[in-house]
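Enquirer: Next comes the sequence, and after it the predicted model I'd like to discuss.
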Amino acid sequence: MLRAFPKMLIAVAVYNALVFGGSALGHRADALLAQNFPLTVFSGDVWKISLSDGLVGLALVLLFIEIIKATRTSRREILNHALSTLTLMGAGAEFIAVRGFGTSTFFLITLMCLFDVVAGYTVSIVTAKRDVAVVPPQAN
């Protein structure tokens, strides 16, 4: 059953936890997402990674996993596509209607959910076409 679970839902759930958990503690979501974690790279430059950057990076990794999963053509993957579509619909609704979700970070996560759905169905259709063998009729 875990294979049918849409991984992009993890990124959406983490964002939800930051927004709703932060507001419960009296913090604004944009202030939480803007927190920087400085990292000195080999060149000596200081790379300021925000929580928002890390969340988008996590979503990209999850999108990669989802696209790899889309190459399978089992019933579980059809369920995964359906659940991914529901995840996209929920994320889109939150982006449009819920305070704290109208940010570039959540827009990018929602866009990745869209790519997951489109790529999942497209890859599944192409893979299914290759699985079907068309044999020409035999002459008598």
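Expert: Perfect, thanks for sending it. Numbering: from 1, shown residues only.
Enquirer: So in the protein, where's the weakest helix or strand by average pLDDT?
Expert: Least confident helix or strand of the chain, by mean pLDDT, DSSP states H and E, is helix 29-33 with a mean of 74.
Enquirer: Go ahead and name everything in contact with that helix.
Expert: Leu18, Val19, Gly22, Ser23, Ser50, Leu51, Ser52, Leu55, Gly100, Phe101, Thr103, Thr105 (CB atoms under 8 Å, 6 or more residues apart in numbering). Where you see a C-beta, it was placed from the backbone N, CA and C, and this is true even at glycine.
Enquirer: The next helix or strand after that helix: partners in the sheet, and parallel or antiparallel?
Expert: Using DSSP states H and E, the helix or strand that follows helix 29-33 in sequence is strand 36-40. If you go by DSSP bridges, strand 36-40 pairs up with strand 46-50 (antiparallel).
Enquirer: Against which helices or strands is the next helix or strand after the strand it pairs with packed?
Expert: Under the assignment DSSP H and E, the closest C-terminal helix or strand after strand 46-50 is helix 51-69. Helices and strands touching helix 51-69, by 3 or more CB pairs under 8 Å, 6 or more residues apart in numbering; DSSP states H and E, are helix 8-24, helix 29-33, helix 75-97, helix 104-131.
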